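Participant: okay, here's the prediction I keep looking at, along with the sequence it came from:
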Amino acid sequence: MSPKTLYDKIWDAHLVHEDEDGTALLYIDRHLVHEVTSPQAFEGLRLAGRAVRAPERTIAVPDHNVPTSADRAERIEDEQSRIQVEALDRNARDFGVTYYPVSDVRQGIVHIIGPEQGWTLPGMTVVCGDSHTSTHGAFGALAHGIGTSEVEHVLATQTLITRKSKNMKVEVTGQLPPGVTAKDITLSIIGKTGTAGGTGHVIEYCGEAIRSLSMEGRMTLCNMAIEGGARAGLIAPDETTFEYVKGRPHAPKGAQWEAAVAWWKTLRSDEDAHWDKVVTLDASEIVPVVTWGTSPEDVVPITGQVPDPESFADGKAEAARRALEYMGLAPGTPLSEIDIDTVFIGSCTNARIEDLRAAAEIVKGRRVKEGVRAMIVPGSGLVRAQAEEEGLADIFKEAGFDWRLAGCSMCLGMNPDQLSPGERCAATSNRNFEGRQGRGGRTHLMSPAMAAAAAVTGRLTDVRELS
Amino acid sequence: MKKFERLTAIAAPLPLINVDTDMIIPKQYLKTIKRTGLGVALFDEMRYDANGDEVPDFVLNKAPWRDAEILVTGANFGCGSSREHAPWALEDFGIRCVIAPSFADIFHNNCFKNGILPVVLPQAQVDALMKDAEQGGNARLTVDLEKQVVVGADGTEYPFEVDPFKKHCLLEGLDDIGLTLGRAKEIEAYEARVAAERPWV
């Protein structure tokens, strides 16, 4: 048998049919559904008189446009948002899928609650009408975003028509220096490969630095595989994975647990497997980074300066000029001299308990700089409850942070949490696109510890100065 | 789904790289529960100012290109969010074909589900077609899916590759859910096999 990558193995285990031209029908183990990209899909089923083929494999939760204020369970003020959430309430009920409504403490960002509830397991195929589905790759699951037409296809058939991507290996050797996190790894990789560097590929992250990451860190890393253009990101499951999964509500139990772990242990790339592309980074050279522009590839060390657009090749030079105009920045400005108005700690990238602990460690005993709006939006109701139990919420509140309810919130500003034109934000989310967090809003991406540092100083700050 | 066979039309030049789906249609338009009527929101933040008035310099606000049915643009078009509202907005505006050096994967897939043909051509060829597009109504392009060729304003032919299954579906306007349901027996057989091998799934 020819050597296989982890991706090859998961692919083979889910193949229902493959045509000679490579068009494949892939079985989907878990389908996650949220309110924004599903209403048209459920409507399509209704119009065609079709049922959901596997409601027990379908998990729905409203997250994108739910308010994060305390009064939200009574009523969502924005009419269109309310209609969308009510549509999901109705669709989940009518089609019999598992549902975590706004009022449920387990509600949260779909990519945070999937793993939290044990729905996401190694070796699975996971899809969702959301590009950050790549998050679940942290478990060694083949997970990626799909469009609404494909959501309808998966609801109706529990399969996806697709074709195999190429294999790409990203190896991060050695150990991370202090103050450097999974977010810095993922941004540094994108800074190196570009936002299209992974297009057409499934990335497997490996190497000592990856093995040393917690599950939370691995999820942060895989979350942004899509920002590198990849179809999906993967990390081979190991003891760290099994330990995280064990005992979760929907994880296997007893004899099934033993059988599952035995299979999961086979889910690793063979020694001499073929890679179409290989990228290597030395962890010891990775530093805390931030973005300066409007693409996640616009990454610089916090100790650096805003680059000169003329230093880039043709197409990118024009894009960089446009980005600097949008961001209101001049070339040569030291990053650490850029003042910020707002801090957003949240999103499917960085709103798990470990992220909140890292932020709290910086914030403890300090205050949010006067005039800075700082908010924490936990990734789920359970993360929120745990942070309250650990005393993190008190640290944030005493420092002047706004302590919100769970949701996608200001990552994409579909709910009332938005930036105003020209407002500059230190964000732990995943996209710094023009208008992403609000029309005219200016986003700098960074780790939770770096965002916490910015909240305290009121400017982009090297977290190593405070820790 | 609308068929796509052959199209001769005005092409709009949009010489930007990394055009993301937030640019193609921003978040406030994602609150709809319908697929239709999103053309008005296409490229919202580039097309309209803060008061909602048209930005006169934006290409789709200018005379010949208001009627464009082809878009010629830069690398990595459609990156970012998986929102199918992006091709819905393009289609509703009247764009049936996008020509670029590369596309983001999810957007590329989403186009085919909505009767839009994404054409990948080498940068130099896209540059040549960009020049044609800049001439507006005087330089219509032809895109022939059956023959897999784009014909420039001067008659130059640019052959392109396309996934055979996706080409078939687009030429015929096929609903692929119907096709897959025709394989229900294979799906059932797979489920039965896995239920025995990996019962925890």
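Facilitator: Now that the structure is in, tell me what you want to look at. Keep in mind it's a predicted model, so treat the numbers as computed, not measured. Numbers count the residues shown, from 1 in each chain, chains lettered A, B, ... in the order given.
Participant: those residues of the stretch 201-350 of chain A touching chain B, which are they?
Facilitator: Residues of the stretch 201-350 of chain A lying close to chain B by C-beta under 8 Å from any C-beta of the partner chain are A:226, A:229, A:231, A:252, A:256-257, A:259-260, A:263, A:295, A:315-316, A:318-319, A:322. (C-beta placed from N, C-alpha, C; glycine too.)
Participant: typo on my end, the stretch 351-467 of chain A
Facilitator: The stretch 351-467 of chain A comes close to chain B at residues A:412-414, A:421, A:431, A:433-436, A:439-440, as judged by C-beta under 8 Å from any C-beta.
Participant: just those residues now: which is nearest residue B:107?
Facilitator: Using C-beta to C-beta, residue A:433 is the member of these that lies nearest residue B:107, at 13.7 Å.
Participant: picking up where we left off before, a markdown table for the residues of the stretch 351-467 of chain A next to chain B, including secondary structure and neighbour count?
Facilitator: Shown next, in a markdown table, are those (DSSP: H, G, I helix; E, B strand; the rest coil; neighbours: other C-beta atoms under 10 Å in any protein chain shown):
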| residue | secondary structure | neighbour count |
| --- | --- | --- |
| A:412 | coil | 26 |
| A:413 | coil | 22 |
| A:414 | coil | 26 |
| A:421 | coil | 11 |
| A:431 | coil | 27 |
| A:433 | coil | 25 |
| A:434 | coil | 22 |
| A:435 | coil | 23 |
| A:436 | coil | 28 |
| A:439 | coil | 18 |
| A:440 | coil | 16 |
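Participant: and of those residues, the nearest to residue A:464?
Facilitator: Among those, residue A:431 lies closest to residue A:464 (C-beta to C-beta), at 25.7 Å.
Participant: picking up where we left off before, filter the residues of the stretch 201-350 of chain A next to chain B to the buried ones?
Facilitator: A:226, A:229, A:231, A:252, A:257, A:260, A:263, A:295, A:315-316, A:319 (16 or more other C-beta atoms under 10 Å in any protein chain shown).
Participant: which of the residues of the stretch 201-350 of chain A next to chain B has the weakest pLDDT?
Facilitator: Lowest in pLDDT among these is residue A:315, which has 83.
Participant: report the contact partners of it.
Facilitator: B:17, B:74-75 (C-beta atoms under 8 Å, 6 or more residues apart in numbering or on different chains).
Participant: which among those gets closest to residue B:9?
Facilitator: When those are ranked by distance to residue B:9 (C-beta to C-beta), residue B:74 comes first, at 20.0 Å.
Participant: and residue 131, how many neighbours?
Facilitator: In the absence of a named chain, chain A is used. 26 (other C-beta atoms under 10 Å in any protein chain shown).
Participant: that answer is for a different chain, and I need it for chain B
Facilitator: 14.
Participant: all helices of the stretch 351-467 of chain A, in order?
Facilitator: Under the criterion DSSP state H, counting those that start in this stretch, the stretch 351-467 of chain A contains helices at A:353-363, A:381-389, A:392-399, A:448-457.
Participant: for residue B:68, which non-adjacent residue is closest in space?
Facilitator: Distances taken as C-beta to C-beta, 6 or more residues apart in numbering or on different chains put residue B:12 closest to residue B:68, at 3.7 Å, once the chain neighbours are dropped.
Participant: do the top helix by length along chain A and chain B meet?
Facilitator: Counting residues, the longest helix in chain A under DSSP state H turns out to be helix A:79-95. Yes. Using C-beta under 8 Å from any C-beta, helix A:79-95 reaches chain B at A:80-81, A:83-84, A:87.
Participant: quick check: buried residues in stretch B:49-60?
Facilitator: Neighbour-count burial for stretch B:49-60 flags B:58-60 (criterion: 16+ other C-beta under 10 Å).
Participant: repeat for stretch A:413-422
Facilitator: Of all the residues in stretch A:413-422, those buried under the rule 16+ other C-beta under 10 Å are A:413-419.
Participant: export it to CSV, keeping only CA atoms.
Facilitator: This file holds the C-alpha atoms of stretch A:413-422, laid out as CSV (Å, rounded to 0.1, in the frame of the first residue of the first chain):
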residue,chain,number,x,y,z
GLY,A,413,-20.3,43.2,13.2
MET,A,414,-23.6,41.7,12.2
ASN,A,415,-25.0,42.4,15.6
PRO,A,416,-24.9,45.9,17.3
ASP,A,417,-21.2,45.4,18.2
GLN,A,418,-19.5,47.4,15.4
LEU,A,419,-16.8,50.0,14.7
SER,A,420,-17.6,53.5,13.5
PRO,A,421,-15.9,55.0,10.5
GLY,A,422,-12.2,55.6,11.3
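Participant: by contact count, what packs against the longest helix anywhere in chain B?
Facilitator: Criterion DSSP H: the longest helix present in chain B is helix B:184-197. Contact partners of helix B:184-197 among helices and strands, from 3 or more C-beta pairs under 8 Å, 6 or more residues apart in numbering or on different chains; DSSP states H and E: strand A:15-18, strand A:24-27.
Participant: closest one to residue A:135 among the ones you listed?
Facilitator: strand A:24-27 (19.0 Å).
Participant: is any residue of that closest one near chain B?
Facilitator: Yes. Strand A:24-27 lies within reach of chain B by C-beta under 8 Å from any C-beta, at A:25, A:27.
Participant: strand partners (parallel or antiparallel) of that strand?
Facilitator: strand A:15-18 (antiparallel), strand A:159-162 (antiparallel) (DSSP bridges).
Participant: quick one: mean pLDDT for that strand?
Facilitator: pLDDT averaged over strand A:24-27 gives 98.
Participant: among the buried ones among the residues of the stretch 201-350 of chain A next to chain B, name the ones in helices.
Facilitator: Those of those lying in helices (DSSP H): A:257, A:260, A:263, A:315-316, A:319.
Participant: quick revisit: may I see the ChimeraX selection of the buried members of the residues of helix A:79-95 next to chain B?
Facilitator: Buried subset of the residues of helix A:79-95 next to chain B, written as a ChimeraX selection, criterion 16+ other C-beta under 10 Å:
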select /A:80,81,84,87
